[in-house]
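*Asks:* Build me a model:
(4 chains)
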There are 2 protein chains.
Amino acid sequence: MTVVKKKTIKDVAELANVSISTVSNALNGVNVVTPETKQRVLKAAAELNYVPNLMGKQLRSGETKMLGFFTDSVSGPYFYVLVEAISRAVAKLGYGMQVIVPSDHKTLMNNILGNVVDGAIIFEHMINDDDIQQILMHSVPTVLLDRPAHGPKMSSFIFNSQAEGYEATKYLLNLGHRRLGFLAGYENNHDSHLRYAGFKQAIEEAGLNSDEMPVLSGLFEEEASYNAVKSYLHYADEPATAFLAGNDLSAIGAMKAIVSLGYKVAEDFSVMGFDDIEISQYFRPALTTVRNPIARQGILAVDELLAMINGRVGGTEQVLDGELVIRDSTGFAKR
Amino acid sequence: MTVVKKKTIKDVAELANVSISTVSNALNGVNVVTPETKQRVLKAAAELNYVPNLMGKQLRSGETKMLGFFTDSVSGPYFYVLVEAISRAVAKLGYGMQVIVPSDHKTLMNNILGNVVDGAIIFEHMINDDDIQQILMHSVPTVLLDRPAHGPKMSSFIFNSQAEGYEATKYLLNLGHRRLGFLAGYENNHDSHLRYAGFKQAIEEAGLNSDEMPVLSGLFEEEASYNAVKSYLHYADEPATAFLAGNDLSAIGAMKAIVSLGYKVAEDFSVMGFDDIEISQYFRPALTTVRNPIARQGILAVDELLAMINGRVGGTEQVLDGELVIRDSTGFAKR
DNA sequence: TTTGCTTTGGCAAGCGCTTTCACGAAACTT
DNA sequence: AAGTTTCGTGAAAGCGCTTGCCAAAGCAAA
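*Replies:* The predicted structure follows:
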């Protein structure tokens, strides 16, 4: 096995005894080359192990046939469902996908705006309002996930978090619960706020006072939620009989706290989450939760992005509805 | 908000009243520009919202400061632990990472060899032996995961599957089990074969006959394993008292089968898996398994890759040891 | 043979950038 | 005052590729 200097289109041209442009035409299937010439070129290319330099190609043609999915973290169950859906949809349409995890903010923006990809799918918390202005100015086709912003060549898909919070709470209310606790997520999280807004709305509609309902800090984390619920249950005189957690992880923390105090989930305290992450169906008791159409979001994002790349102006803002998944962590109120 | 034509380095040069090269020098921190000139350039660049075209940059410089992680599927719990680890390690070293999910094999190879990334991390099943030869010829720095192959600029990291199979089996043997079943993975899977080899080795060492031990087809899937174990338990006269599954998913299928037949996991039948995926600790009973150092594999892969990019020849083949994680799905043999 | 048309392949420009090199001015040295 | 060094800047080459345009060649018709 010999390591050889990288071959260029020029080398192929020389070996096949044709011009560079002919090689390019032959290799790209442009139909202006006689079959014999084409064969000669293909043979030469194979012989030299020629692989086109995509940088050159892309610089010249101005397109990369790649969609970029920009994110800073790839952990979490939400993530890979999304990426899986996106990558399949993208491949079906003749594009490739790159998940780009940039080392810093500048690299991020350079990658979005620097012609590395033909279009970008961007996670909510990756960029700020200034960045959005930048992207708009450069008119890079973009789809924003979980962040409502739009403009020409920029669309967004968000979950209907308030409605979901409302529906979830109503479900709990219908089970007879009258004292409900809410386990909030991060301080500034959009979704957490909306879910709480839905929670409040349902409470008020039922004729109850939402200010009397305890709001615990769960931070979207299992441990923080565990601690919050445990100490709450310890000190509360007449504790809530049902908890709506900001997400499934938080709900799992709550359930563990309940069990650790010797109570039974569903029987003594109902718990509900959001997201329907994979664990939720395996955990015992299996978690009642609200499932977001994550995969659908990814597929729609790709469709929208490709439409924009191919000339449609875009600029829509679509709201995706969730779905109640009732399992074993919720039950009728006994008190 | 006005959409403007894409600005190039030339536009910045004109506005700042300097040459193109001076702009380049100023922007890239090359220290041959007077502070005043540099300021002027920076101001002009900001004013024009200039973002360098990475294609041009990379074509010229021949490096992308990007590492590529090539995979066809991004699902599975194994995957995102790995990507998370890789992306963090990469960012720390001033590189970016791209997870590239190509639409077809040709695209894959073009992306690996077409100067899109400075180095590649490739999953076992993505490429065949010919591809490896190709990569070697083009001397693209590469790290192979779970596939033992190497050469100049090509290293690999594999798990010590046989030793893990051996240790897991010994653990079961020490619990007193004398009839052990093995739930095999895919037909041609390297890891599955090695795990079974370790299984056999431990059995023989204990003075038992490995040919008498039932091998069920679990296909690394929950459902297939469920069915295999259920029908086995149904028909076997003196069934095995412990099952070593090819992976955790398979083990979970086995446990569900056991429960569905009215037996108790651990008490009636012990079950063990491989991988320690996230679900395993949440499932009840929590699964005894063998944890592979996935994150460590990712970090080591990045280190090795960067070393090769920076000139080291590489070509090592490193074996990573797993670790027994004992939880609640295994117990002493009662029969 | 000449003319007009189509087919085939080659030339050269240029995508946006970095980098080498040379030039001229300013700051030194003798 | 003349030679030498230092330093900032710009001109231009060229990374590998595609593509518009033109020349050559083949062929049919006149």
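*Asks:* and residue A:16, what does it touch?
*Replies:* A:22, A:23, A:37, A:40, A:41, A:43, A:44, A:45 (CB atoms under 8 Å, 6 or more residues apart in numbering or on different chains). Where you see a C-beta, it was placed from the backbone N, CA and C, and this is true even at glycine.
*Asks:* Which residue is the nearest non-sequential neighbour of the fourth one?
*Replies:* Looking back up the chat, that one is residue A:40. Closest residue to residue A:40 apart from its sequence neighbours, by CB to CB, 6 or more residues apart in numbering or on different chains: residue A:16 at 4.8 Å.
*Asks:* hang on, the earlier thing: now the two most distant members of the contacts of residue A:16.
*Replies:* A:22 and A:43 (13.6 Å; CB to CB).
*Asks:* Now do the same for the closest residue to DNA strand C within the stretch 51-200 of chain A: helix, strand or coil?
*Replies:* The nearest approach of the stretch 51-200 of chain A to DNA strand C comes at residue A:60, 3.5 Å away (CB to the nearest atom of the strand). Assigned with DSSP: H, G, I helix; E, B strand; the rest coil, residue A:60 falls in the helix class.
*Asks:* Please pick the buried ones from the contacts of residue A:16.
*Replies:* Buried by 16 or more other CB atoms under 10 Å in any protein chain shown: A:22, A:23, A:37, A:40, A:41, A:44, A:45, out of the contacts of residue A:16.
*Asks:* okay, those residues in TSV with distance to DNA strand D and secondary structure next?
*Replies:* Output for the buried ones among the contacts of residue A:16, formatted as TSV (distance: CB to the nearest atom of the strand, whole Å; DSSP: H, G, I helix; E, B strand; the rest coil):
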residue	distance to DNA strand D	secondary structure
A:22	8	helix
A:23	7	helix
A:37	13	helix
A:40	16	helix
A:41	11	helix
A:44	13	helix
A:45	10	helix
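*Asks:* Would you check those and say which has the weakest pLDDT?
*Replies:* pLDDT across the buried ones among the contacts of residue A:16 is lowest for residue A:37, at 87.
*Asks:* What residues does it make contact with?
*Replies:* Neighbours of residue A:37 in contact, by CB under 8 Å, 6+ apart: A:16, A:18, A:22, A:26.
*Asks:* I'd like those as TSV, with secondary structure appended.
*Replies:* Converted to TSV, the contacts of residue A:37 look like this (three-state DSSP):
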residue	secondary structure
A:16	helix
A:18	coil
A:22	helix
A:26	helix
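*Asks:* DNA strand D: which of the residues you listed is nearest?
*Replies:* For the contacts of residue A:37, the nearest to DNA strand D is residue A:22 (8.0 Å; CB to the nearest atom of the strand).
*Asks:* So for the residue nearest to residue A:40, what's the pLDDT?
*Replies:* 91.
*Asks:* what about the one helix or strand residue A:97 maps to, distance to the chain center?
*Replies:* Residue A:97 belongs to strand A:96-101 when assigned by DSSP states H and E. Between the centre of strand A:96-101 and the centre of its chain there are 13 Å (CA atoms, centre = their mean, to the nearest Å).
*Asks:* Now do that strand against strand B:96-101, angle only.
*Replies:* Counting by axes from the mean of the first three to the mean of the last three CA atoms, to 10 degrees, strand A:96-101 lies at 150 degrees to strand B:96-101.
*Asks:* who does strand A:96-101 pair up with?
*Replies:* Using DSSP bridges, strand A:96-101 pairs in its sheet with strand A:66-70 (parallel), strand B:96-101 (antiparallel).
*Asks:* Tell me the secondary structure at residue A:122.
*Replies:* Strictly by three-state DSSP, residue A:122 counts as strand.
*Asks:* now it: how far from residue B:96?
*Replies:* To residue B:96, residue A:122 is 15 Å away according to CB to CB, to the nearest Å.
*Asks:* just to revisit the earlier point, what spatial separation is found between the residue nearest to residue A:40 and residue A:42?
*Replies:* Residue A:16 is 9 Å from residue A:42, by CB to CB.
*Asks:* One more: residue A:199?
*Replies:* 64 Å.
*Asks:* One more: residue A:208?
*Replies:* In terms of CB to CB, residue A:208 sits 75 Å off from residue A:42.
*Asks:* you'd agree residue A:183 is up against residue A:246?
*Replies:* Yes. Counting by CB atoms under 8 Å, residue A:183 does reach residue A:246; the two are 5.4 Å apart.
*Asks:* For chain A, which segments count as strands?
*Replies:* Remark: strands assigned in chain A by DSSP state E are A:66-70, A:96-101, A:119-123, A:142-145, A:154-159, A:180-184, A:215-217, A:242-245, A:270-275, A:288-291, A:317-320, A:323-325.
*Asks:* Pick the most deeply packed of these.
*Replies:* Most buried of those, by mean neighbour count (mean count of other CB atoms under 10 Å in any protein chain shown): strand A:242-245, with a mean of 30.
*Asks:* Show me which residues of stretch A:231-240 are buried.
*Replies:* Buried residues in stretch A:231-240 (16+ other CB under 10 Å): A:232, A:233, A:239, A:240.
*Asks:* should've said stretch A:248-263
*Replies:* Quick answer for stretch A:248-263 (16+ other CB under 10 Å): A:248, A:249, A:250, A:251, A:252, A:253, A:254, A:255, A:256, A:257, A:258.
*Asks:* same deal with stretch A:190-208?
*Replies:* Neighbour-count burial for stretch A:190-208 [16+ other CB under 10 Å]: A:190-196, A:198-203.
*Asks:* cool, and stretch A:124-141?
*Replies:* Buried, per 16+ other CB under 10 Å, within stretch A:124-141: A:124-127, A:131-132, A:134-141.
*Asks:* Pull the most distant pair out of these.
*Replies:* A:125 and A:139 (23.1 Å).
*Asks:* Tell me, how many residues neighbour residue A:113?
*Replies:* Residue A:113 has 23 neighbours, counted by other CB atoms under 10 Å in any protein chain shown.
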